[in-house]
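Engineer: give me the fold of what follows.
(chains A, B, C and D)
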Number of protein chains: 2
Amino acid sequence: MEPKAPKITDVARLAGVSTATVSRALSKPETVAESTRNTVLAAAEKAGYRVNLSARNLRRQRTGAIVVLVPNLGNPFFSEILAGIETALSEVDINMLVVDTRQAHTKPQLVLEYLHATRADGIIALDGSLPDEILSVASSGTGAPPIIFACEWTPKGEFSSVRANNTHGAELAIAHLAGLGHRRIGMLTGPQDNVLTHTRSAGVRLEMARCGFALDPSHLFSGDFTLESGARAAQEWLELDQRPSALFCQSDQMAFGFISELARNDVSVPDDVSVVGFDDIDIARRFIPALTTVRQPRKKLGLCAARMLIDHVRTNTSPAIETTILEVELIVRDSTKAFAG
Amino acid sequence: MEPKAPKITDVARLAGVSTATVSRALSKPETVAESTRNTVLAAAEKAGYRVNLSARNLRRQRTGAIVVLVPNLGNPFFSEILAGIETALSEVDINMLVVDTRQAHTKPQLVLEYLHATRADGIIALDGSLPDEILSVASSGTGAPPIIFACEWTPKGEFSSVRANNTHGAELAIAHLAGLGHRRIGMLTGPQDNVLTHTRSAGVRLEMARCGFALDPSHLFSGDFTLESGARAAQEWLELDQRPSALFCQSDQMAFGFISELARNDVSVPDDVSVVGFDDIDIARRFIPALTTVRQPRKKLGLCAARMLIDHVRTNTSPAIETTILEVELIVRDSTKAFAG
DNA sequence: TGCTGCACTGCAATCGATTACATAAAGGTT
DNA sequence: AACCTTTATGTAATCGATTGCAGTGCAGCA
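Structural biologist: Numbering: from 1, shown residues only, chains lettered A, B, ... in the order given. The predicted model follows:
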C-alpha cells in the first residue's frame, strides 16, 4: 500500500502550527519567527514534504514553466542554445518545456495550444519562420504569454529578440577572404525566407561593395543550412566554367557538406578553394581541414534570452520590445588560404 | 485592461448548463447528449475557452509532464533521441521537461526535486551514471514516478530500459576489421564507469576471442566519448612503437578527434590505419573520410522509451521491469580498408 | 397504471497551497 | 495607564476543473 504524499496540513499538524505558517515558513522565511521557522522546517523534513506544484500554480496563477519552440530538435545546432536556456532557468526554478515546431507549419493548432497563459509563463522561439496565425496570437497580447525570439527572429510583428550580429559576421568572413587576396568570392545561402539568410547576405553585399567586388550571380548557391544542401552546392560548383576561389557558407553544416563533396571529386580545400563557415559548431575545429568560421555565442544566446524572459515573467511587465545583439568572432583555421592564382 | 481568461463557469453560463456538463462534454464527449455537446462546444469556442491545466492536474492528481534527464544537453548525440521522445509525447498531449544532469553529481538535490510525483508523471533517463542517492529514491517506489532508462542504463537496481545492442555492434565492428585482414586491432573506450563502455568492450573481447586475436593492452586507449579525448588518444597512438593497423572507437566523436589529430600529423585514415566509430551521427557520412560506423537507431530509442513510459503512466501499473534491445547496423564507408601490411 | 432501467444532467465536495484579513501579543510613547 | 505600532500567527476564502452521487424524465414492460 502506497503511503500517500504528505501535504501541507500534515506538516502543520506535526509542527503544531497552521498551514498558513507552514506556507510562509517555506516561501517567505523572513516573515515568520525564527523558532517557528525551525520547527516547521524540521517537521517538513521529517514528513518528507514537497510542495504540490499544481496546487501552488493554480493558486498563484502561473505555470512555472516556459516553452521553447525549436525548429528541429534533431539539429545539433540548437542543443547548445537549449543548454544555455536550461542553465538560466534552473537557477530560478522554472521548468523548460521543449516543443518541436516541425509540425507547426502543417498543424499550427498543435503549437497554438502552448501559446496560452495556462500552459506557459513565457515562450522562447528559436524558430523565425512560425506561421502567421501563431504570430498574430502571440502579438495580440491577449492572454498570450510573453515571447522572445532567440537566434532567429521574425520581421512580422514586434517582438523582443536576442541575436548574433549576423551582418557583421558575414562582413568579417568576406574581409578575411579579401585580405587573403580572393576576388571571386561565392556564397552559399540558407533558405530564401529565413532572416539569417537575409542578414548574412546583406553583410556579404556590404563588404563586397566596400572592397569593390561584384557578386557574380552564378557564384550564388542556394541551400537550407543542411549538410546535404552543401553537398548539392558542391555539385553545382563543380560544373562551373569559372569557379570562385573562395566560398562563404552561411552555416558550418553546409560548409562540411560542400567540402566533403568536393573531396570526393578530388578538389581540395583550401588548396583549390577557400571556405568559410558560420556558427562554429563543435566539430568545426576537428573537421579536416579545420574550418575557418564565424563563431556565434550559442550558449550565451540561450542564457540572454532566458534571462530577459525571466525578467518579464517576474515583473509581469508587458514586455517593452528590446533587441539584444551579441557580437560574433571570426575563427581562422585551415580551410582558408591565400589566393594563389 | 486585460480581459481575463474565460473559465469553465463562463462557458457553462453561455451554454446554459452546469460546469459538470461542460467538463464532461470536453473530456468525455460520449457521456453527454449530442445536442448538449454541440451547444457546449459552440459556447467554448465562442468564449475562446482553454482548460486551466493547473486546476485539471491538481484535481486529477497528475502533472501532464514527464522529465527527461540528459547527461549533457550540449552534446548533439542526444538531440535526436529527444526528438523521438517529443514525437511520441506530442501524440498523447504530455509535455516534455528537459533537465541537464551535469550538476546532478555535485548537487543531487537539484535533480531529486524532479523525482517526485507532484513534479512529473514519469521519467526518462538518458544518463546511466546518476548518483546513488537519486537511484535509490527512484527505485524505492515511494511516491517516485516510474523511470525508464534509454540508451544508457544502470546496473544498480532494477529499472526498465531501452537500449541498442551495444555488444553486437562492437562485434560487427571487429568482425568487419578482421574480415579486412586486420590482426592488430586497438580500441578507444568511453569513460571507465560507463555501461556503454563495458558492453561495447565486452563485444570487442568476444569477437576478438572468436577470431583468435589478442587485445594488446598498449593498444587500449581510454577516452570519454568526446572529440578531444579522441585527439588525445591519437597523440598516444603516435608514440607507439608497434601501432595497431585498425582502431575501434566507442563513439563517432572520438573517432573524429582521433582521425583529425592524426591528419595533422600526416597520418592517413584509412591508408595508415582503419577506424570504425559507433553511433552514426549525422556528420559521419560527410566526414573526410566518411566514417565506417555502427548505427544506433537514436530516434527509435527515444520513441520506444517514451511509448513504454506512456503505457506505465496510462495504466498506472507499477512498471514490470522490461528491457527492450534495438538492433544496430554496421555502416561501411571510407574510413576502413583492407590491411596491406 | 405503476414500476424498472437507462440516459442525461446538476449539486457540491474535492484536489493542496496561498494569502487577504483578522487577531493577538509584545514593545514603545506620553 | 491608555494608546499606538509592530510582529507573528491563525481563519477561511480562493484558484478552476473534475467527479461521486443524486435527481429527473422518459421509454419499455407487465
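Engineer: for the stretch 201-341 of chain A, which residues are neighbours of chain B?
Structural biologist: By the rule C-beta under 8 Å from any C-beta of the partner chain, the part of the stretch 201-341 of chain A lying against chain B is A:227, A:231, A:256-257, A:259-260, A:263, A:282-283, A:285-288, A:290, A:299. In this view, the C-beta of every residue, glycine as well, is placed from N, C-alpha and C.
Engineer: for PyMOL, write the select line for the buried members of the residues you listed.
Structural biologist: Burial among those is assessed by 16 or more other C-beta atoms under 10 Å in any protein chain shown; the matching PyMOL selection reads:
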select buried, chain A and resi 227+231+256+257+259+260+263+282+283+285+286+287+288+290+299
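Engineer: surely residue A:168 touches residue A:202?
Structural biologist: No: using C-beta atoms under 8 Å, residue A:168 makes no contact with residue A:202, being 10.4 Å away.
Engineer: and these two? Which one has more around it.
Structural biologist: Using other C-beta atoms under 10 Å in any protein chain shown, the more surrounded residue of residue A:168 and residue A:202 is residue A:168, with 20 against 14.
Engineer: contacting residues around the more buried one?
Structural biologist: Residues in contact with residue A:168 (C-beta atoms under 8 Å, 6 or more residues apart in numbering or on different chains) are A:203, A:327, A:328.
Engineer: those, buried ones only, as a ChimeraX selection?
Structural biologist: To isolate the buried subset of the contacts of residue A:168 in ChimeraX, counting by 16+ other C-beta under 10 Å, use the following:
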select /A:203,328
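Engineer: just the contacts of residue A:168: which are in strands?
Structural biologist: Secondary structure from DSSP state E places none of the contacts of residue A:168 in strands.
Engineer: could you say which helix or strand holds residue A:275?
Structural biologist: Assigned by DSSP states H and E, residue A:275 falls within strand A:274-279.
Engineer: residues in contact with the helix or strand following that strand?
Structural biologist: The C-terminal neighbour of strand A:274-279 among helices and strands, as given by DSSP H and E, is strand A:292-295. With contacts defined as C-beta under 8 Å, 6+ apart, strand A:292-295 is touched by A:169-170, A:172-173, A:176, A:252, A:255, A:274-280, A:284, A:328-336.
Engineer: and what of stretch A:216-224?
Structural biologist: Here stretch A:216-224 makes contact (C-beta under 8 Å, 6+ apart) with A:184-192, A:229-230, A:232-233, A:236-237, A:240, A:242, A:244, A:247, A:249-251, A:254.
Engineer: in it, what counts as buried?
Structural biologist: Applying a neighbour-count criterion of 16+ other C-beta under 10 Å, one finds A:219, A:221, A:223, A:224 buried in stretch A:216-224.
Engineer: do stretch A:188-199 as well
Structural biologist: Under the neighbour-count criterion of 16+ other C-beta under 10 Å, stretch A:188-199 has A:188, A:189, A:190, A:191, A:194, A:195, A:196, A:197, A:198, A:199 buried.
Engineer: what about it, start to end distance?
Structural biologist: Distance between the two ends of stretch A:188-199: 13 Å, counting by C-alpha to C-alpha, to the nearest Å.
Engineer: what residues does chain A put near DNA strand D?
Structural biologist: Applying C-beta under 7 Å from any atom of the strand, we find that chain A lies next to DNA strand D at A:16-21, A:24, A:31-33, A:35-37, A:55, A:58-59, A:61.
Engineer: give me the buried entries from those residues.
Structural biologist: Buried members of the residues of chain A next to DNA strand D, scored by 16+ other C-beta under 10 Å, are A:17, A:21, A:24, A:32, A:36, A:37, A:55, A:58.
Engineer: so which of the residues you listed reach DNA strand C?
Structural biologist: Near DNA strand C, by the rule C-beta under 7 Å from any atom of the strand, you find A:24, A:55, A:58 out of those.
Engineer: look up how far DNA strand D lies from whichever residue of chain A sits closest to chain B.
Structural biologist: Residue of chain A nearest chain B, by C-beta to the nearest C-beta: residue A:76 (2.8 Å). Plainly put, residue A:76 is 38 Å away from DNA strand D if you go by C-beta to the nearest atom of the strand, to the nearest Å.
Engineer: residues of the stretch 51-200 of chain A that sit close to DNA strand C?
Structural biologist: Contact residues (C-beta under 7 Å from any atom of the strand) of the stretch 51-200 of chain A with DNA strand C: A:51, A:52, A:55, A:56, A:58, A:59, A:60.
Engineer: filter the contacts of stretch A:216-224 to the buried ones?
Structural biologist: Counted by 16+ other C-beta under 10 Å, the contacts of stretch A:216-224 give A:184-191, A:229-230, A:232-233, A:237, A:244, A:247, A:249-251, A:254 as buried.
Engineer: name the residues of the helix or strand harbouring residue A:42 that are buried.
Structural biologist: Secondary structure from DSSP H and E places residue A:42 in helix A:34-47. By neighbour count on 16+ other C-beta under 10 Å, the buried set for helix A:34-47 is A:36, A:37, A:39, A:40, A:41, A:43, A:44, A:47.
Engineer: then that helix to PDB, C-alphas only?
Structural biologist: Presented in PDB, the C-alpha positions along helix A:34-47 are these (Å, rounded to 0.1, in the frame of the first residue of the first chain):
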ATOM      1  CA  GLU A  34      13.000  32.100  13.800                       C
ATOM      2  CA  SER A  35      12.000  29.500  16.300                       C
ATOM      3  CA  THR A  36       8.700  28.700  14.500                       C
ATOM      4  CA  ARG A  37      10.500  28.600  11.200                       C
ATOM      5  CA  ASN A  38      12.900  26.000  12.600                       C
ATOM      6  CA  THR A  39      10.100  23.900  13.900                       C
ATOM      7  CA  VAL A  40       8.300  24.000  10.600                       C
ATOM      8  CA  LEU A  41      11.400  23.200   8.600                       C
ATOM      9  CA  ALA A  42      12.200  20.300  10.800                       C
ATOM     10  CA  ALA A  43       8.600  19.000  10.500                       C
ATOM     11  CA  ALA A  44       8.700  19.400   6.700                       C
ATOM     12  CA  GLU A  45      11.900  17.500   6.600                       C
ATOM     13  CA  LYS A  46      10.700  14.800   8.800                       C
ATOM     14  CA  ALA A  47       7.500  14.300   6.900                       C
END
